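**Q** dropping a prediction and its sequence here:
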Amino acid sequence: MTPPQADAAAAPDALARPVASTSPLLRGPVLVTGGAGFIGSHLCARLVREGAAVMAIDDLSTGDRANLAPLGNGRFSLTAHNVVERFDHACSAIFHLACPASPRAYQRAPIDTVKTAVFGTLHALENAEAHGARMLLASTSEVYGDPQVHPQREDYTGAVDPTGPRACYDEGKRCGETLATEFARQRGLDVRIARIFNTYGPRMQPDDGRVVSNFIMQALTGQPLTVYGDGSQTRSLCYVSDLIEGLLRLMDSALDASPVNLGNPQEITVLDLAERILRLTRSRSRIAFKPLPRDDPRRRRPDIARARTHLNWQPQVPLDEGLERTVHWFMRQVDADTELKLVPVQHSRAAANAPTASE
Ligand code: UDP
């Protein structure tokens, strides 16, 4: 595997184009809720690169300040705040991303997840209304539940069990879409809704339980790769820089509040993904089959015709290339972690050998 040349996050993207100077993204400050998270931090970095003034808010429950360290504090600021509580920031655009998003994270605190998805979205919409800002809601492919229609188009209304273990996130996001739609319909708010499919890349949390981070960490540390069920369930994985480009285009577009799928239509089975990651990492880990969690969607693939037509957008980064970049990023985390763990050991050895004051 050849190391990537540039920043692992900044994959080449033939469709990337600069934000127009008339864009709401450059008229005033841009607010990014959930700005310290995996997707949020990539979005903040891209916006700052485009010349926007960016304010991130994040309660740092699943986000990490370190994700934003490279941005400095010239045109960028981070405020620690939980969107379940109201907020008020003058801005011309809001990307509302704040919400735990991995099944492990959202199932850890399901009532808080519902509150974040519903009250957080309400507060973001109220903030947008108060300042005449455009708001983009980060919704999710989870609104389709375990889909009976394949691939999923935006007019498919989904199959979600309202009392199932994923409902706190799925129904919370569905209600968020309802709120955003009604603010647009009844109060004329300028709203966009992105339905984000599985996204991966550098800065995923190593312990968030998602399939890409789990498999890479397991492969790099010699643990068995935990395939749930028989691994025949499918997902379609979008590299993070492609998603960010889609979010910017949607925010900048003349579309209305109707939802738009953003994801990569290349579909693979979970078992195939495990085998690819074993190959890419040259790992000798084995595969261990574990029970399939309840309500785990059997298949997922976005129909992205709407994004192609209206945003002239489609993913550019092939799966193996995106995985390679992600593996390199995780390798650096594992190395750094190993070095950190070694430091106290070396110190204590040195300390044990050092003469003490009484000697
Ligand atoms: N998965 C797996 N092993 C893992 C983690 C996840 O087989 O260690 C499977 C999971 O059952 C699901 C798919 O990978 O079918 C994607 O899971 P993830 O949690 O990444 O996201 P989801 O799309 O389910 O929200």
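**A** Yep, it's here.
**Q** spell out which parts of the stretch 51-200 of the chain neighbour the ligand.
**A** Residues of the stretch 51-200 of the chain found near the ligand (C-beta under 6 Å from any ligand atom) are 102-103, 198. To be clear about C-beta, it is placed using only N, CA and C from the backbone, and glycine gets the same treatment.
**Q** make TSV out of those and add secondary structure and neighbour count.
**A** TSV is the format used below for these (DSSP: H, G, I helix; E, B strand; the rest coil; neighbours: other C-beta atoms under 10 Å):
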residue	secondary structure	neighbour count
Ser102	coil	20
Pro103	helix	19
Asn198	coil	18
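**Q** rebuild those residues as TSV, extending it with pLDDT and distance to Ser23.
**A** Output for those, formatted as TSV (pLDDT from 0 to 100; distance: C-beta to C-beta, whole Å):
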residue	pLDDT	distance to Ser23
Ser102	94	31
Pro103	93	34
Asn198	98	28
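**Q** report the contact partners of the residue of the stretch 1-150 of the chain found nearest the ligand.
**A** Going by C-beta to the nearest ligand atom, the ligand is nearest to Pro103 of the stretch 1-150 of the chain, at 4.7 Å. Going by C-beta atoms under 8 Å, 6 or more residues apart in numbering, Pro103 touches 166, 169, 209-210, 293.
**Q** could you single out the nearest of the residues you listed to the ligand?
**A** Nearest member of these to the ligand, counting by C-beta to the nearest ligand atom, is Arg210, at 3.5 Å.
**Q** what's the neighbour count on the closest one?
**A** 21 (other C-beta atoms under 10 Å).
**Q** tell me the contacts of it?
**A** Neighbours of Arg210 in contact, by C-beta under 8 Å, 6+ apart: 102-104, 200, 204.
**Q** residues in a beta bridge with the nearest residue to Gly35 once chain neighbours are set aside, which ones?
**A** Nearest non-adjacent residue to Gly35, counting by C-beta to C-beta, 6 or more residues apart in numbering: Ala56, 2.5 Å away. Note on Ala56: beta-bridge partners by DSSP bridges are Val32, Leu78.
**Q** touching, Ala56 and Leu43? I think so.
**A** No - using C-beta atoms under 8 Å, Ala56 makes no contact with Leu43, being 9.0 Å away.
**Q** residues shared between the contacts of these two?
**A** 32, 35.
**Q** more crowded one of the two?
**A** The neighbour comparison of Ala56 against Leu43 (other C-beta under 10 Å) goes to Ala56, with 31 against 27.
**Q** quick one on the thing from earlier: now the contacts of Pro103: which count as buried?
**A** Buried subset of those (neighbour count, 16 or more other C-beta atoms under 10 Å): 166, 169, 210.
**Q** noted, bye for now.
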